[in-house]
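**Q** Here you go, sequence then predicted model.
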Amino acid sequence: MTFARRWRVAALCLLLPLLAASVQAQVTVTLELQKSRFLPRESMSAKLKIVNFSGQTLVFGEDNHWLQFQIESETGEEITPITDPPPVKGRFTVESSIRATKEVDIAPHYALERAGRYTLTATVHIKQWGKQLTAKPVKFDITNGTVLWEQIFGLPLKKGDPPGQPMQVRRYVLQQAKHLKAMSLYARVDDGLGGKVHRVLPVCPMVSFNKPKAQVGPQSNLHVLCQTGSRKYNYSVIDPQGKIITRRHYLIAGNRPRLGFKDGKIIVAGGFQLTRPDDLPSNKKSGAEPELIVPGNEPKPIPNIRPPIPLPPKRTGN
């Protein structure tokens, strides 16, 4: 190898780190999780933010390889995906001085069953430049919640299914878990102990002094009534796929809300219903502000009445 060739190779080796640093300065990627603690197999939404200051319009999502995730345990063991990598295909462009966000639920693709601390890393491939950038890793914990209630149920037949076919069985599980000193209620839908987990989802915050009430309705939906505060309750209906299809809020006024049964349906009896923006289905009218329904006979504090003070006797003339 001639001296000139050796010099060019050495110069290229010195230039590559500078080029990588330049790319990193022009385009930045950051990775975020909505929280740092999860139950096993709970939905885990990873949010990737791309900021472009390169002066060029960048194109992403033309294939399923532009964004890749990696999860490691605290011992350095790589967690192998149980399915294909999370699908992140879908072409989009990021113009210069613009920030784009991509959100992916990675929980269905990894069997995160064991409690412990894990590290999530995301790598973005910039096809136009033949470069890749790695976001700063984020750490999260998998913790085991306390099981409060569980019930095995059969899936109802779908329209067109032949009668007499074997019944498919699933299980609802209610768990409580603490995060940042606050207690939350979670619902889990699976195929039974050791079976496939369909979904783990948060239902609502909860108080520790009153356990939630749960019943499985005629349509195999889970009805949950949970006290969320000193006078407030959350009522949620969850379908066998693990989706909340109904959410309502109630206030203790005169008596407490409770689950009842009327005309072949599970209902909430007692209390007074509140209207809130997070109701499902939404009661909010298009463009209207949410109304707060407060009962007129709501208990009021007893006023503190002081005993009367006698007037001093009138003075008579001397």
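**A** It's in. Numbering: from 1, shown residues only.
**Q** can I assume Thr121 is in contact with Pro137?
**A** Yes - Thr121 is within contact range of Pro137, at 4.6 Å (criterion: CB atoms under 8 Å). (Each C-beta comes from the backbone N, C-alpha and C, glycine too.)
**Q** So for the two, which residues contact both of them?
**A** The contact sets of Thr121 and Pro137 overlap at Leu31 (CB atoms under 8 Å, 6 or more residues apart in numbering).
**Q** pLDDT score assigned to Met1?
**A** Listed pLDDT for Met1 reads 52.
**Q** Check the one 5 residues further on too.
**A** The model reports Arg6 with a pLDDT of 55.
**Q** again with Leu292
**A** If you check Leu292, the pLDDT there is 50.
**Q** try Asn144
**A** pLDDT at Asn144 comes out at 89.
**Q** Measure how buried the closest residue in space to it that isn't next to it in sequence is and give me the count.
**A** Leaving aside its sequence neighbours, Asn144 sits nearest to Ala115 (CB to CB, 6 or more residues apart in numbering; 5.2 Å). With neighbours defined by other CB atoms under 10 Å, the count for Ala115 comes to 11.
**Q** give me the low-pLDDT residue ranges for the chain?
**A** Low-confidence segments of the chain (pLDDT under 70): 1-25, 164, 166, 283-318.
**Q** in a strand, that's where Val203 is, yeah?
**A** Yes - per DSSP: H, G, I helix; E, B strand; the rest coil, Val203 lies within a strand segment.
**Q** Okay, strands next: where are they in the stretch 51-200 of the chain?
**A** Assigned by DSSP state E, counting those that start in this stretch, the strands in the stretch 51-200 of the chain fall at 58-60, 67-73, 92-94, 98-105, 116-126, 131-134, 138-142, 146-154, 169-179, 182-190, 197-205.
**Q** Which strands or helices does the fifth one pack on?
**A** Under the contact criterion of 3 or more CB pairs under 8 Å, 6 or more residues apart in numbering; DSSP states H and E, strand 116-126 touches strand 27-33, strand 45-52, strand 58-60, strand 67-73, strand 131-134, strand 138-142.
**Q** which helices and strands sit right next to the first one?
**A** The reference is to strand 27-33. Counting contacts by 3+ CB pairs under 8 Å, 6+ apart, strand 27-33 packs against strand 45-52, strand 116-126, strand 131-134, strand 138-142.
**Q** again with the fifth one
**A** Based on contacts counted as 3+ CB pairs under 8 Å, 6+ apart, the elements that strand 131-134 packs against are helix 3-26, strand 27-33, strand 116-126.
**Q** Restricting to C-alpha, output it in PDB.
**A** Extracted in PDB, the C-alpha atoms of strand 131-134 (Å, rounded to 0.1, in the frame of the first residue of the first chain):
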ATOM      1  CA  LYS A 131     -27.100   5.900   8.400                       C
ATOM      2  CA  GLN A 132     -28.800   4.800  11.600                       C
ATOM      3  CA  LEU A 133     -29.400   6.700  14.800                       C
ATOM      4  CA  THR A 134     -30.100   5.100  18.200                       C
END
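**Q** strands paired with it, and their directions?
**A** Pairing partners of strand 131-134, with direction, according to DSSP bridges: strand 116-126 (antiparallel).
**Q** which outside residues touch the strand it pairs with?
**A** Contacts with strand 116-126, where a contact means CB under 8 Å, 6+ apart, come from 23, 27, 29, 31, 33, 46, 48, 50, 58, 60, 65-74, 79, 106, 112, 131-135, 137-142.
**Q** Kindly report the same for stretch 133-147.
**A** With CB under 8 Å, 6+ apart as the test, stretch 133-147 has contacts from 23-24, 27-33, 35-40, 44, 48, 112-124, 126, 173-177, 186.
**Q** among those, which ones are buried?
**A** Neighbour-count burial (16 or more other CB atoms under 10 Å) applied to the contacts of stretch 133-147 gives 23, 27-29, 31, 33, 38-40, 44, 48, 112, 118, 120, 122-124, 126, 173-177, 186.
**Q** picking that back up, looking at the helices and strands packed on strand 27-33, which is nearest to Lys159?
**A** strand 45-52 (32.6 Å; CB to CB).
**Q** What helices and strands are in contact with the closest one?
**A** Under the contact definition 3+ CB pairs under 8 Å, 6+ apart, strand 45-52 sits against strand 27-33, strand 58-60, strand 98-105, strand 116-126.
**Q** Repeat the analysis, applying 7 Å as the threshold.
**A** strand 27-33, strand 98-105, strand 116-126 (3 or more CB pairs under 7 Å, 6 or more residues apart in numbering; DSSP states H and E).
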